[in-house]
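# coords please:
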Amino acid sequence: MAQYVGAIDQGTTSSRFIVFDKAGSIVSVAQKEHAQIYPKPGYVEHDPLEIWHNTREVIRDALAKKGLTPRDLAAIGITNQRETTLIWDRRTGKPLHNALVWQDTRVDSIVEEFAREGGHDRLRAKTGLPLASYFSGLKLRWLLDNVPGAREKAQAGDVLFGNIDTWLVWNLTGGADGGCHITDVTNASRTQLMDLASLEWDEEILRLFEIPRACLPEIRSSSDVYGEAVDDLAGVPIAGILGDQQAALVGQACFQQGEAKNTYGTGCFMLMNTGETPYPSKCGLLTTVGYRFGQGKTVYALEGSIAIAGALVQWLRDNLGIIQQSSDIETLARSVEDNGGVTIVPAFSGLYAPHWNAQARGLIGGLTRYADKGHIARAALEATAFQTREVLEAMTKDTGIGVRELRTDGGMVVNELLMQFQADILDVPVVRPKVIETTALGAAYAAGLATGFWSGTDELVRNWAVDKRWKPAMAASRRDSLNAVWNKAVARSLDWAE
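All right, here's what the predicted structure looks like:
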């Protein structure tokens, strides 16, 4: 009997394959980064063939490390960077263009074109999303309009669209030789093409955006047996798909209404489980599908998306050179007692929730001759915490639910200075679980539920355990003062670009 479940975690900067046991513990892991391509300011691309090649490589490496074979795996789950958009030829399997990454802003002018009639919220009632460059529907529109011959081939069904989950499943299950062209409800809910209530592609929006239905994948549950893998994973069921942030919600066992998690990665993403009804936001949040297991009821979530979190640390490393590696940021930030009056607003590609201001641009404010690189490092970490506070406040206003604790995951949660400051600025306990790879774990859970490896969500809740808890320790007056400075800096950053 297979003892493990595997998860492909295809993220913005790297691809990983992680093998989990029944307790949700990591057995083996392999990871490989892929190139970030910046053809023009605001353009961000990935090479889909590089991602597929790297995915195959990490699968082989993770299995080889522990001497595992496909027969040791009960199922495979997939979690992926959401909104990243690509099209490929059904017959050859070759992409027609690099993938447009979720951070890419080239469709800003198209967004404004559609917003002139009905405003940015004209599709929010159906999709839960404002018109923004973030989502994949208008990215697909750009590809169809700008890649020669793409629209005609898409109308004929010869060109296929997908986010990265769809691309991976199609290749894993045979590619041009009978690969499954599917997506799950969580990824579909991020295209701005799906009706949140019916969980179907919306014909009216497809006509509005001029998207041929023939190129779209079939929408499936997040936990279901979609098909069997070939080649390296021959015979293993592909049985779970969750967009990365929804996967973290599942991996954190947030199965009760009002439970919330925040993932600290390239960007920062907070989701609150809001139960079985889509909860409209009036405070700049996104209404999205949280998960749907098999034929069970759909669970929805409110989400606050922050574009730049860990990416700011990478910027300090790669562009300014004030640290040698990302992990150096905490030591440098601890070299000073506070931020020295420095505030950083990392609006490199505009501000997402709750502002949704595409014209915002990054700034470093409060500089004096006293400020040094330690203060800049500390301000960079604090920027992530301040942005998270804005999102949590918006969730409380939208739902009337006070979050009792914030469950955290992602690469930045090893930074204990950040976690303590997060608790201080939120005035809410912050919790790090024992397994912080909750994104991959959520994908594994979805696949394992579909194949009976795990019996149900009660078993998953029992697997979840606390590693460390940070309690607020900041005086209210200090918290209020810091928040006021942050709000002033954000106001300066808005509408900077013409």
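
# switch to C-alpha atoms for all contacts and neighbour counts from now on
Fine.

# In this protein, where is pLDDT below threshold?
By pLDDT under 70, the low-scoring segments of the chain are 1.

# And what about the spatially closest residue to C215 that is not a sequence neighbour, helix, strand or coil?
Distance criterion CA to CA, 6 or more residues apart in numbering; nearest residue to C215, sequence neighbours excluded, is L160 at 4.6 Å. Reduced to three states with DSSP: H, G, I helix; E, B strand; the rest coil, the structure at L160 is strand.

# burial count for Q314?
Neighbourhood size, Q314 [other CA atoms under 10 Å]: 18.

# likewise V336?
Residues near V336, counting by other CA under 10 Å: 17.

# Let me see the contact set for it.
V336 makes contact with 374-375, 378 under the criterion CA atoms under 8 Å, 6 or more residues apart in numbering.

# Highest neighbour count among those residues?
So for those (other CA under 10 Å), the most neighbours sit at R378, 27 neighbours.

# how close does it sit to G340?
According to CA to CA, to the nearest Å, R378 stands 9 Å off from G340.

# OK, contacts around the nearest residue to E405 once chain neighbours are set aside?
Excluding the flanking residues, the one nearest E405 by CA to CA, 6+ apart is P429, at 5.0 Å. By CA under 8 Å, 6+ apart, the contact list for P429 reads 404-406, 423, 469-472.

# so is G452 in a helix, a strand, or just coil?
coil.

# Would you mind giving the contacts of P429 as CSV with secondary structure and neighbour count added?
Below are the contacts of P429 laid out as CSV (DSSP: H, G, I helix; E, B strand; the rest coil; neighbours: other CA atoms under 10 Å):
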residue, secondary structure, neighbour count
R404, coil, 12
E405, coil, 20
L406, strand, 23
A423, helix, 23
R469, strand, 16
W470, strand, 19
K471, coil, 18
P472, coil, 17
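
# closest to R141 among those residues?
When those are compared for distance to R141 (CA to CA), L406 wins out at 37.0 Å.

# is it true that that closest one touches C254?
No. In this structure, L406 is not within contact of C254 by CA atoms under 8 Å, at 10.6 Å.

# shared neighbours of these two, anything?
260-261.

# returning to that earlier point: now the residue nearest to E405: how far from R469?
Counting by CA to CA - P429 and R469 are separated by 7 Å.

# Tell me where the stretch 201-350 of the chain has strands.
218-220, 223-228, 237-243, 260-264, 268-275, 286-291, 299-306, 343-345 (DSSP state E, counting those that start in this stretch).

# Summarise which helices and strands the fifth one is packed against.
Read it as strand 268-275. Under the contact criterion of 3 or more CA pairs under 8 Å, 6 or more residues apart in numbering; DSSP states H and E, strand 268-275 touches helix 244-251, strand 260-264, strand 299-306, helix 373-399.

# do the last one as well
Other elements packing on strand 343-345 under the criterion 3+ CA pairs under 8 Å, 6+ apart are strand 363-365, helix 373-399, helix 476-493.

# can you tell which of those is closest to I205?
That would be helix 373-399 among these, by CA to CA, at 26.0 Å.

# starting at the chain centroid, how far to stretch 338-353?
From the chain centre to the centre of stretch 338-353 is a distance of 20 Å (CA atoms, centre = their mean, to the nearest Å).

# now swap in stretch 278-291 and tell me
On CA atoms, centre = their mean, the centre of stretch 278-291 falls 15 Å from that of its chain.

# go on, stretch 122-137?
16 Å.

# same thing with stretch 379-387?
Counting by CA atoms, centre = their mean, stretch 379-387 comes out at 19 Å from the chain centroid.

# got the buried residues for it?
Going by neighbour count (16 or more other CA atoms under 10 Å), the buried part of stretch 379-387 is 379-387.

# ok, of those, which one's closest to L271?
Using CA to CA, the buried residues of stretch 379-387 come closest to L271 at Q387, 13.9 Å.

# so the closest one makes contact with I306?
Yes. Using CA under 8 Å, Q387 is in contact with I306, at 7.1 Å.

# For K373, give its distance to L367.
11 Å.

# What of A484?
Distance, A484 to L367, by CA to CA: 17 Å.

# Could you pull out the buried residues of stretch 484-498?
485-486, 489-490, 492-494, 496.

# Now tabulate those in a markdown table and tack on distance to Y352.
What follows is the buried residues of stretch 484-498, written out as a markdown table (distance: CA to CA, whole Å):
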| residue | distance to Y352 |
| --- | --- |
| V485 | 19 |
| W486 | 16 |
| A489 | 15 |
| V490 | 12 |
| R492 | 16 |
| S493 | 13 |
| L494 | 11 |
| W496 | 15 |
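
# Now do E50 against A99, distance only.
Applying CA to CA to E50 and A99 gives a distance of 11 Å.
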